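Participant: Any chance you could fold what I've pasted below:
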Amino acid sequence: MAAPPTRFDDFILSVRQTVTDFDMIRPKDRVLVGVSGGSDSMALVQCLLRLTQEMAFGIGIAHLNHGLRPDDAQRDQAFVKSFSEKHRIEYHTQTADTHAYAAREKRSIEEAGRILRHDFLESVSQTHSYSKIALGHHRDDNAEQVLMNLLRGAGITGLSGIPPIREHGIIRPLIRQSKSDIRSFLDRIDQPFMEDASNQDTRFLRNKIRLQLIPLLRDAYNPEICNTLNRLSDVVRQEDEWANTLTEQIFESLDNLKVEPDQIRFGASPFIKLHDAVKRRIIRHAILKIKRNLKRITLAHVEDVIALAAGGVGGKSLDLPDRIRIFIDKGCLCFKKESVPLRQLNRK
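Facilitator: Model (predicted):
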């Protein structure tokens, strides 16, 4: 790989501090950078490229063509490939049929795109022995996420926003940078980027929040709304991490606890006597263990599980997203990830 430029400006120094504070990258790491060709991902890859020698790690680039905007998608794919070749960076790409996947899995286009992108990055990372996956989310994205989660009725974890680091080696080095910081950095280094027209489509909730709600809040209520939301996110995340530690301890002490890869059960009667806040966390913890994530699990789902446990009646069950079935069996509250779609089980 060609030697990267050595000039460090304030933007790069700030990103380096974020990487250090969250222990995102260590010497000899191989970092797979998700690059769409947009401003955020181009700033990310340029910044990491400038840090590779000092911090002794390597990078590769991954680009997924979602197949949503045929002409623009081909343009973006060619742009990222050209950048990779110019800087002699290992390049991985794939084309997906997002419309077909969304129809087949009954997902929105936005959600289908996220899932396909995540699966692609995970596959490339495992196949080519990358230790980290770097994504270009920034502080404005985080503010949008907090608002979006609030509007959807999320609990405390949702208000913690986008985590700087996550399981499976996912890191977000730009999480403390604003969009304006990113654009200014790209201007200074004369780095072009691709514009995605779909980012202006207010049919998508995230775009509507960014283009309409946040400007309204900033102009009419709080000029520092993004900073305010990010401070909230930081505080909530720290307290949530602390509460999760306590939740794990309480979970391990539950009566008649039995944990298997696809099923968890524990005594319903002792559980229902716990504080409501603890019950909600225990339920989310149990679902997370068998589902591997909490996507599409809402506060309403959690409250329904509490009601089921309080009823204590066998034979009743709840069906949650991604084949999660919750039921009462012999006085125990059971969480099970079924191997087939729940609608097939219901027909039996």
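Participant: Could you chop this structure up by domain?
Facilitator: Following automatic domain parsing, one finds the domains of the chain at 10-220, 254-346.
Participant: May I see the ones you listed organised as a markdown table, with mean pLDDT and distance to Ala243 added?
Facilitator: Using the backbone N, CA and C atoms, a C-beta is placed for each residue, glycine as well. Listed next are those as a markdown table, based on pLDDT from 0 to 100; distance: least, CB to CB, whole Å:
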| stretch | mean pLDDT | distance to Ala243 |
| --- | --- | --- |
| domain 10-220 | 95 | 8 |
| domain 254-346 | 91 | 7 |
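Participant: ranking the ones you listed by burial, who's on top?
Facilitator: domain 10-220 (a mean of 17; mean count of other CB atoms under 10 Å).
Participant: quick one on the thing from earlier: nearest to Ser233, out of the domains of the chain?
Facilitator: domain 10-220 (3.7 Å; CB to CB).
Participant: before we move on, the earlier item: wait, which of the domains of the chain is closest to Glu241?
Facilitator: Checking these against Glu241 by CB to CB gives domain 10-220 as the closest, at 8.5 Å.
Participant: Tell me which helix or strand Glu144 sits in.
Facilitator: Using DSSP states H and E, Glu144 sits within helix 139-151.
Participant: Grab the CA positions of that helix and hand them over as PDB.
Facilitator: Written as PDB, here are the backbone C-alpha positions of helix 139-151 (Å, rounded to 0.1, in the frame of the first residue of the first chain):
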ATOM      1  CA  ARG A 139     -22.500  12.700  16.000                       C
ATOM      2  CA  ASP A 140     -25.300  14.100  13.800                       C
ATOM      3  CA  ASP A 141     -26.300  10.500  12.900                       C
ATOM      4  CA  ASN A 142     -26.400   9.700  16.600                       C
ATOM      5  CA  ALA A 143     -28.600  12.700  17.300                       C
ATOM      6  CA  GLU A 144     -31.000  11.500  14.600                       C
ATOM      7  CA  GLN A 145     -31.000   8.000  16.000                       C
ATOM      8  CA  VAL A 146     -31.900   9.200  19.500                       C
ATOM      9  CA  LEU A 147     -34.800  11.200  18.200                       C
ATOM     10  CA  MET A 148     -36.000   8.400  16.000                       C
ATOM     11  CA  ASN A 149     -35.800   5.900  18.900                       C
ATOM     12  CA  LEU A 150     -37.700   8.300  21.100                       C
ATOM     13  CA  LEU A 151     -40.500   8.700  18.500                       C
END
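Participant: Mind checking what helix or strand follows it in sequence?
Facilitator: With DSSP H and E, the next secondary element past helix 139-151 is helix 156-159.
Participant: Which residues are in contact with the nearest residue to Ser129 once chain neighbours are set aside?
Facilitator: Computed as CB to CB, 6 or more residues apart in numbering, the closest residue to Ser129 that is not its neighbour in sequence is Arg30, at 6.3 Å. Taking CB atoms under 8 Å, 6 or more residues apart in numbering, we find Arg30 in contact with 57-60, 128-132.
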